[in-house]
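Asks: Here you go, sequence then predicted model.
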Amino acid sequence: MIATPEKLAASNKATVESLLSVSAAAMASAERLAALNLNTARAMIEDSMANLKALTEAKDPQAFVALQTSLVQPGAEKLVAYYRSVYEIASQNQEEISKLLESQFAELNKTMNAALDEAAKSAPAGSDAAISAVKSALAAANSTYDSVSKAARQVVDIAEANVSSATSAAVKAVGATAAKPARKSA
């Protein structure tokens with residue numbers, strides 16, 4: 001198995017291109033997260049000013065408490081929406097990088113099999129068993145990788161369902177708490 005300079009150069013180029021793709025995906029996610037944070041901060045400031053103005057215009061303590069209580073639910077919903085967006089960005093980034101790495105793994109697998117086939121052609125007599133063992137180990141590694149990938153995808157799906165369920169429950173709980181009338185002190 002002799003590697004020619006052209007093969008090494010092509011392999012290095014593919015590796016660099018793969019790293020650039022992963023870096024570009026990570027940078028795109030960072031840009032989306034930065035934009036989300038800026039928009040959220042802007043909206044939070046605007047909402048805070050509007051809420052503060054509304055609270056200062058309250059005519060009596062009961063109106064103040066009622067207004068304050070009515071502001072809890074929308075704030076909680078916006079917070080949950082923000083975290084959901086952050087989760088979506090992270091999840092999409094992870095998925096995109098996983099796809100890039102899977103394609104790289106498939107390409108590496110293909111290259112390894114081709115190299116083994118080439119080595120088998122020029123190998124001395126009696127080395128068939130060693131090459132078969134390497135191919136068998138490669139097939140086992142591929143099978144393990146596929147199993148782990150499927151299991152990881154199932155874990156991600158379960159986590160996504162749990163996050164969705166938990167955020168919905170949190171919004172409902174905040175809404176129920178905000179809807180309860182304020183107690184009067186005795």
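Replies: Okay, I see it. Residues are numbered from 1 along each chain as shown.
Asks: Could you count how many residues lie near A76?
Replies: Residues within reach of A76, counting by other Cβ atoms under 10 Å, total 19. (C-beta placed from N, C-alpha, C; glycine too.)
Asks: Name the SS class of it, please.
Replies: Using DSSP: H, G, I helix; E, B strand; the rest coil, the structure places A76 in helix.
Asks: Check which helices and strands the strand or helix carrying T144 is in contact with.
Replies: Element membership of T144 [criterion: DSSP states H and E] is helix 128-179. Helix 128-179 sits against helix 61-122, with contacts defined as 3 or more Cβ pairs under 8 Å, 6 or more residues apart in numbering; DSSP states H and E.
Asks: Distance from the helix holding T144 to the middle of the chain?
Replies: Between the centre of helix 128-179 and the centre of its chain there are 12 Å (Cα atoms, centre = their mean, to the nearest Å).
Asks: got the angle for that helix vs helix 61-122?
Replies: Calculated by axes from the mean of the first three to the mean of the last three Cα atoms, to 10 degrees, helix 128-179 forms an angle of 170 degrees with helix 61-122.
Asks: so how far is R153 from the spatially most central residue of the chain?
Replies: Most central in the chain under Cα atoms, centre = their mean is S91, positioned 2.0 Å from the mean C-alpha point. Distance, S91 to R153, using Cβ to Cβ, to the nearest Å: 12 Å.
Asks: cool, K121 as well?
Replies: Remark: distance between K121 and R153 (Cβ to Cβ) = 38 Å.
Asks: neighbour count winner among these two?
Replies: Applying other Cβ under 10 Å to K121 and R153 shows that R153 carries more neighbours, namely 12 against 7.
Asks: wait, what's in contact with that one?
Replies: By Cβ atoms under 8 Å, 6 or more residues apart in numbering, no residues touch R153.
Asks: repeat that for 10 Å
Replies: Neighbouring residues of R153 by Cβ atoms under 10 Å, 6 or more residues apart in numbering: E95, S98.
Asks: The closest residue to S127 other than its chain neighbours: how many residues sit nearby?
Replies: Distance criterion Cβ to Cβ, 6 or more residues apart in numbering; nearest residue to S127, sequence neighbours excluded, is A120 at 7.8 Å. When neighbours are defined as other Cβ under 10 Å, A120 has 16 of them.
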